[in-house]
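Chemist: Sequence and predicted structure are below.
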Amino acid sequence: MQAPDRLAVARALFVAAHVVLLTMMALPEPAVSEEDLAKPDVQGWFRDTAGRLSRFGWEVDGEGLQELVVPWARRWQAARHGALSPGRLYARACGVHQSWRMFAGVSPEAGRLRVDARLDGTWSPAYRPRSGEHAWRVSFFEHERVRTLVNQFVHERHRSDYRRLGRFLAARVTDELGPADAVRLEMEQTVSPEPEVLRAQGELTVEKTYWSTVFGVREATP
């Protein structure tokens, strides 16, 4: 029987270790910080999971399940960090490190950007997400890089980039929307209800608006 090629075996082991490492680094971590645990969607997950367990005979409420699960999740998180520390150096050296991981779940809270234009002293919708009627610069707003930027605004981060975006749009609104002399940017925070509720009401519920800012043509950035 021919002996296995040592180089081929070593290469196979290296590839396997590489795949396992990157998979482990990409897996989501449990939400165990106090800030994460206070989020409504996380609390909802504990309540829903406790309800499912109760149907199988394990009587527990959301608070009790949280008290049971969180300490173990924190131990797992600490062990995972320790085990992956050497691997992170390798990942950075190879250029395969990523700062984000897979999503552990979907938050019912979301945000969207609204853009209005002022024409003859009256504000009119210029851009609304997924609107066929109000679709000014829709290809720009749907570009991956712009969507990534808007996602930061959803979490109320990068306010300076928000102002820069407003000045950029103000520089183009007159040429592209006729007599418009200003744009107004505003963020909406929405909540995604259960499917049957959404079908009944026909649209998302707006919980709050923030960062409503007017950018005139005079302060525009080419």
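Modeler: Arrived safely.
Chemist: got the domain boundaries for this protein?
Modeler: 6-94, 109-219 (automatic domain parsing).
Chemist: any chance of the ones you listed in CSV, with mean neighbour count and mean pLDDT too?
Modeler: C-beta coordinates here come from the backbone N, C-alpha and C atoms, glycine included. Output for the domains of the chain, formatted as CSV (neighbours: other C-beta atoms under 10 Å; pLDDT from 0 to 100):
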stretch, mean neighbour count, mean pLDDT
domain 6-94, 13, 86
domain 109-219, 15, 90
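Chemist: Just the residues contacting stretch 6-21, thanks.
Modeler: Surrounding stretch 6-21, the residues in contact under the criterion C-beta atoms under 8 Å, 6 or more residues apart in numbering are 84, 87, 90-91.
Chemist: by contact count, what packs against the single longest helix found in the chain?
Modeler: Secondary structure of the chain per DSSP state H: the longest helix is helix 62-94. Under the contact definition 3 or more C-beta pairs under 8 Å, 6 or more residues apart in numbering; DSSP states H and E, helix 62-94 sits against helix 6-26, helix 40-55.
Chemist: May I have the helix or strand harbouring Arg145 as CSV, with CA atoms only?
Modeler: Taking DSSP states H and E as the criterion, Arg145 maps to helix 144-154. Provided in CSV are the C-alpha atoms of helix 144-154 (Å, rounded to 0.1, in the frame of the first residue of the first chain):
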residue,chain,number,x,y,z
GLU,A,144,-24.5,49.1,-1.8
ARG,A,145,-22.2,51.7,-0.4
VAL,A,146,-25.0,54.2,0.2
ARG,A,147,-27.2,51.6,1.8
THR,A,148,-24.3,50.7,4.1
LEU,A,149,-24.0,54.4,5.0
VAL,A,150,-27.7,54.8,5.6
ASN,A,151,-27.6,51.7,7.9
GLN,A,152,-25.2,53.7,10.2
PHE,A,153,-27.8,56.5,10.3
VAL,A,154,-30.4,53.9,11.4
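Chemist: would CSV of the helices and strands packed on helix 62-94 with distance to Arg74 be doable?
Modeler: Supplementary listing: these in CSV, determined by distance: least, C-beta to C-beta, whole Å:
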stretch, distance to Arg74
helix 6-26, 18
helix 40-55, 14
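Chemist: Relative to Leu198, tell me which of those helices wins on proximity.
Modeler: Closest to Leu198 of the helices and strands packed on helix 62-94, according to C-beta to C-beta: helix 40-55, at 16.2 Å.
Chemist: for the closest one, packing partners?
Modeler: Looks like helix 40-55 contacts helix 62-94 (3+ C-beta pairs under 8 Å, 6+ apart).
Chemist: Quick one: distance of the helix it packs on to the chain centre.
Modeler: In terms of C-alpha atoms, centre = their mean, to the nearest Å, the centre of helix 62-94 is set 21 Å apart from its chain centre.
Chemist: orientation of it relative to helix 6-26 in degrees?
Modeler: Comparing the axes of helix 62-94 and helix 6-26 via axes from the mean of the first three to the mean of the last three C-alpha atoms, to 10 degrees yields an angle of 140 degrees.
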